[in-house]
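[1] Let's see this in three dimensions:
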Amino acid sequence: MVFSTTPIYALIVTLIWLALWFRVTSMRSTLGQSIGDGGDQALLQRIRQHGNCAEWSGFILILMILAEGMGAPAIYLHISGVLLVIGRLAHPFGLKINNAGHPLRYVGNGTNILAALNAMVCLGVNLLGL
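    Next up, the predicted model:
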């Protein structure tokens, strides 16, 4: 089977992940901090922005590739993929140390949950043969 939809979103999300990784690495270099955050709140924030991307992206991409492998229609995969990309772009700007209620944090989390739910429905429909 050739996967043609999920890899598009895997590539886009990987570019976002790399940008977030670079922000962490460059700040670690500037601060001389090899491991952890050293108590620096800005570094902690960047670490969590990157970590959250890694946590959500891999999970949703696995659901998407499974759904694609089971024959889910491309439109549903694109829905999950677009929601994932929106979430991964919005969330880092909304994940703030001093503002747990930032609107972009809600956009990021909400779109990721919707992306996961959509992919889960695709899996369920295919598993049940509906």
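[2] which SS class is the most centrally placed residue in the chain?
    Geometric centre of the chain, nearest residue: residue 57, 3.3 Å, by CA atoms, centre = their mean. Look at residue 57: counting by DSSP: H, G, I helix; E, B strand; the rest coil, its state is helix.
[3] swap in the one 10 residues further on?
    For residue 67, the reduced secondary structure class is helix; criterion used: three-state DSSP.
[4] Correct me if wrong: the residue nearest to the centre of the chain contacts residue 13.
    Yes - the pair formed by residue 57 and residue 13 meets the contact definition of CB atoms under 8 Å, at 4.6 Å. C-beta coordinates here come from the backbone N, C-alpha and C atoms, glycine included.
[5] contacts for stretch 11-28?
    33-34, 40, 42-43, 46-47, 49-50, 53-54, 57, 61, 81, 84-85, 88-89, 92 (CB atoms under 8 Å, 6 or more residues apart in numbering).
[6] buried subset of those residues?
    Neighbour counting by 16 or more other CB atoms under 10 Å classes 40, 43, 46-47, 49-50, 53, 57, 61, 81, 84-85, 88-89, 92 among the contacts of stretch 11-28 as buried.
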